[in-house]
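S.K.: Let me see the structure of the following:
(4 chains)
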Number of protein chains: 2
Amino acid sequence: MDTSTDEFRIATPHRELLDQVLDKWSLSILNELCERPCRFNDLRRAIPAVTPKSLTATLRRLERNGIIERQLLGSRPVAVEYRITPLGKTLRAPVEVLLDWARARLPDIERARRAFDAG
Amino acid sequence: MDTSTDEFRIATPHRELLDQVLDKWSLSILNELCERPCRFNDLRRAIPAVTPKSLTATLRRLERNGIIERQLLGSRPVAVEYRITPLGKTLRAPVEVLLDWARARLPDIERARRAFDAG
DNA sequence: CCGAATCCCAAGGGATACTG
DNA sequence: CAGTATCCCTTGGGATTCGG
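M.R.: Residues are numbered from 1 along each chain as shown, chains lettered A, B, ... in the order given. Have a look, this model is predicted:
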């Protein structure tokens, strides 16, 4: 049997999973929640550029995928806490590998961009 | 000095770099070019869902970031070959780590989605 | 405090047709 | 062969306001 096919192609479900989990705000949220559980406004403060709408959407998506969980703390006033799940923790290492790559290679990338834009 | 800050936050340039390099079609293109150099229509055949417009855009972006290079082979008729650069090759390992994660965890993720959608 | 609802806009991507 | 050009439309995101 030809296992190379599986390594070669990227199946749509895997591609879509990465889209859901590596989007614009997810990595920042993940990093925060790996440090400690956070309330909604904790996250807003930690990631000032995110709007409430986008934050809600991202949190819902991560929750649906089992990466984070939403815990109701109190009712009056409403208190909600988000925390990372065990499944979510397994995502951290791969993401760190990727970030290490980005940190290490950014200078090379920027040089390439300048060369391209000059030509 | 507080190095934890650097690990904790995700700087905008790194975040944008990942956006440019992990977008919808880049991973598939990277996988193809890691196997062998490809012509434009080779890539179209290998990735049937991509339109010429999106393929051109993605190839230009990857080229600008120094991940792939564009080689002119002939002029009449025009022949162009894309190949991965040494810098581009360094991206493969991190991406594979990520794909391994997606392949391993997809069942758990799908279970979480069903549970969420049911509730 | 934690969002939901609304409006608006720009960018991205598909389909199709065409050119050097 | 290797793209460009055009059209169109959906989606995502920001800004803002409102509600439980």
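
S.K.: So which residues on chain A come close to DNA strand D?
M.R.: A:23-24, A:49-54, A:57, A:77-78 (Cβ under 7 Å from any atom of the strand). From N, CA and C alone the C-beta is placed, and that goes for glycine too.

S.K.: Could you pick out the buried ones from these?
M.R.: Neighbour counting by 16 or more other Cβ atoms under 10 Å in any protein chain shown classes A:23, A:50 among the residues of chain A next to DNA strand D as buried.

S.K.: Now intersect the residues of chain A next to DNA strand D with the strands, please.
M.R.: residue A:78 (DSSP state E).

S.K.: restrict the residues of chain A next to DNA strand D to those near chain B?
M.R.: residue A:24 (Cβ under 8 Å from any Cβ of the partner chain).

S.K.: could I get the residues of chain A next to DNA strand D as CSV with pLDDT?
M.R.: Listed next are the residues of chain A next to DNA strand D as CSV, based on pLDDT from 0 to 100:
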residue, pLDDT
A:23, 89
A:24, 85
A:49, 90
A:50, 92
A:51, 93
A:52, 94
A:53, 94
A:54, 94
A:57, 95
A:77, 84
A:78, 87
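
S.K.: Tell me the one of the residues of chain A next to DNA strand D nearest residue A:90?
M.R.: residue A:23 (18.1 Å; Cβ to Cβ).

S.K.: which residues in chain A form strands?
M.R.: A:38-39, A:68-75, A:78-84.

S.K.: The second one - contacts with which helices or strands?
M.R.: For strand A:68-75, the packing partners by 3 or more Cβ pairs under 8 Å, 6 or more residues apart in numbering or on different chains; DSSP states H and E come out as helix A:26-35, helix A:52-64, strand A:78-84.

S.K.: ok, so of the residues of chain A next to DNA strand D, who is nearest residue A:108?
M.R.: Nearest to residue A:108 among the residues of chain A next to DNA strand D, with distances taken as Cβ to Cβ, is residue A:24, at 23.7 Å.

S.K.: Backbone dihedrals for the closest one, both of them.
M.R.: As for residue A:24, its main-chain torsions (degrees, to the nearest 10) stand at phi -50, psi -50.

S.K.: just checking, it touches residue B:19?
M.R.: Yes. Here residue A:24 reaches residue B:19: they are 7.4 Å apart, a contact under Cβ atoms under 8 Å.

S.K.: Report how many residues lie close to residue A:91.
M.R.: 24 (other Cβ atoms under 10 Å in any protein chain shown).

S.K.: Look up how far DNA strand D lies from it.
M.R.: 18 Å (Cβ to the nearest atom of the strand, to the nearest Å).

S.K.: need the contact list for that residue.
M.R.: Applying Cβ atoms under 8 Å, 6 or more residues apart in numbering or on different chains to residue A:91 gives the contacts A:21, A:30, A:67, B:101, B:105.
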